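1. My questions concern the predicted model and sequence given below.
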Amino acid sequence: MSPLCSLLLAVALAAVPGVRGNCPEPASLKRADGTRTCAKLFEKSDPYYDRCCGGAELSVEPGTDLPYLPSGWNNAISSLVVAPRCELTVWSSRGKAGKTHKFSSGTYPRLEEYRRGVFGDWSNAISSLYCRCY
């Protein structure tokens, strides 16, 4: 295989949605004492998947209901990971108002890829959330 074909294949694989990149595996979301974490939220994403899930991070426990996100997190989430058998519901406005979206178990390194209405996306657009595990 020529070097150019190898390079093009690597670039194509890096651009596939759903690639985990630098994000943790959903099954690894646990606290130090071994108890379950519902989701982990990150403030940084990047056009390159291997640089996503960076910056400050916020761990969300099962049953967490945040109609108002902690200081500095309103409209700041760009990547997220949801643990197995968990679901993260997010809203675009404080107080659980506005557009809503449910993220099931999985890795979401670039929230720019998830539509919020006709013209928007979910990157830097989350203002409240509820996380549950079953």
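-> That came through, no problem.
2. As a check, name the ranges of all strands in the protein.
-> Assigned by DSSP state E, the strands in the chain fall at 39-44, 54-60, 65-66, 79-93, 97-108, 115-116, 120-121, 128-133.
3. Against which helices or strands is the fourth one packed?
-> Secondary structure elements in contact with strand 79-93, counted by 3 or more CB pairs under 8 Å, 6 or more residues apart in numbering; DSSP states H and E, are strand 39-44, strand 97-108, strand 128-133. In short, each C-beta sits where N, CA and C put it, glycine included.
4. Among those strands, which comes closest to Tyr68?
-> Between Tyr68 and the helices and strands packed on strand 79-93, the shortest gap by CB to CB is with strand 128-133, which sits at 6.5 Å.
5. What are the contacting residues of that closest one?
-> Residues from elsewhere that reach strand 128-133, judged by CB atoms under 8 Å, 6 or more residues apart in numbering: 36, 38-39, 60-69, 82-83, 85-91, 93-97.
6. Just the buried residues from these, in PyMOL please.
-> Buried members of the contacts of strand 128-133, defined by 16 or more other CB atoms under 10 Å, are picked up in PyMOL with:
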select buried, resi 38+39+60+62+64+66+69+82+83+86+87+88+90+91+93+96
